[in-house]
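K.L.:
Mind folding the following:
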Amino acid sequence: MKPMHITILLMLTSSALALNLEGTLKTPVKAGSRLGVFVVNPAGTPQYEWSSTALSGNNFSLKLPDAAPSKGLWSLSSDNFTWPGVVGNVKISNTTATTELKLFTYLDTDNNGKYSSNEKLLDTTLMSGKANVVLVFVQENTSISGEKGLNVALKAGWNMVTLQGGKTLTTQVLQDLKDAAVMVLE
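P.N.:
Sure thing, here's the model as predicted:
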């Protein structure tokens, strides 16, 4: 699989913490390709497309709905916690409904402007420098702690968390992210 690099700008805006993605493509993609943001299940499998944008030319912009998903929520627990770089025991301060968003790229073969089940989804990883970025929704304020220094305080609503592994795990909840990289595996 050959990686593609896309540079994007991610910003959290408004009182409801809406997510907006704006960026520049660094490598060409096939005509008709889209960058899709999907609600995923606890295993990271896409359930449905939350939002998407056409990838043509060098720039794109994508506004994500700031409301809570109406479906695809699950109860956050240490048993279903799968953030990149997190190992060992995880403690979660309270039981809350949650979901995550993940990026996928696909060729819009039927030109309907949205994902269709016959279109192949390409895994897409959102990075900030050497850190992975997780887009997560929680219904209530929640603290997550664990081994290697994991310590994250999530506010009710959408959150953008960076996780950089090593001897310790460096985390940060961001309000905006500039010059992020999206790695697409073909």
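
K.L.:
use CA for all of it now, contacts and neighbours both
P.N.:
Will do.

K.L.:
Dig out what the residue nearest to residue 63 when sequence neighbours are not counted forms beta bridges with.
P.N.:
Nearest non-adjacent residue to residue 63, counting by Cα to Cα, 6 or more residues apart in numbering: residue 20, 4.5 Å away. Residue 20 has these beta-bridge partners by DSSP bridges: residue 11, residue 63.

K.L.:
quick one: pLDDT of residue 20?
P.N.:
pLDDT, residue 20: 70.

K.L.:
low-scoring stretches of this protein, by residue?
P.N.:
1-19, 21-28, 57-59, 175-181, 186 (pLDDT under 70).

K.L.:
now the farthest one out in it, which residue is it?
P.N.:
With distances taken as Cα atoms, centre = their mean, the residue sitting farthest from the centre of the chain turns out to be residue 110, at 25.2 Å.

K.L.:
Give me the phi and psi for it.
P.N.:
Per-residue torsions, residue 110: phi -100, psi 0 (degrees, to the nearest 10).

K.L.:
can you check residue 161 too?
P.N.:
Geometry field for residue 161 lists phi and psi as phi -120, psi 130, criterion degrees, to the nearest 10.

K.L.:
what does residue 96 give?
P.N.:
Residue torsions, per degrees, to the nearest 10, at residue 96 are phi -150, psi 150.

K.L.:
how close does it sit to residue 89?
P.N.:
18 Å (Cα to Cα, to the nearest Å).

K.L.:
I'd like to know how many residues surround the nearest residue to the residue farthest from the centre of the chain once chain neighbours are set aside.
P.N.:
Counting by Cα to Cα, 6+ apart, residue 110 lies nearest to residue 116, which is 8.0 Å off, once chain neighbours are set aside. For residue 116, the count of nearby residues is 17 (other Cα atoms under 10 Å).

K.L.:
What strand or helix carries residue 116?
P.N.:
Of the helices and strands defined by DSSP states H and E, none includes residue 116.

K.L.:
Check residue 101 too.
P.N.:
Short version, using DSSP H and E: residue 101 is in strand 97-107.

K.L.:
residues of that strand that come out buried?
P.N.:
By 16 or more other Cα atoms under 10 Å, the buried positions in strand 97-107 come out as 97-107.

K.L.:
Same question for stretch 54-68.
P.N.:
54-56, 60-62, 66, 68.

K.L.:
Output these in JSON lines; the columns should cover secondary structure.
P.N.:
Shown next, in JSON lines, are those (DSSP: H, G, I helix; E, B strand; the rest coil):
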{"residue": "54", "secondary structure": "strand"}
{"residue": "55", "secondary structure": "coil"}
{"residue": "56", "secondary structure": "coil"}
{"residue": "60", "secondary structure": "strand"}
{"residue": "61", "secondary structure": "strand"}
{"residue": "62", "secondary structure": "strand"}
{"residue": "66", "secondary structure": "coil"}
{"residue": "68", "secondary structure": "coil"}
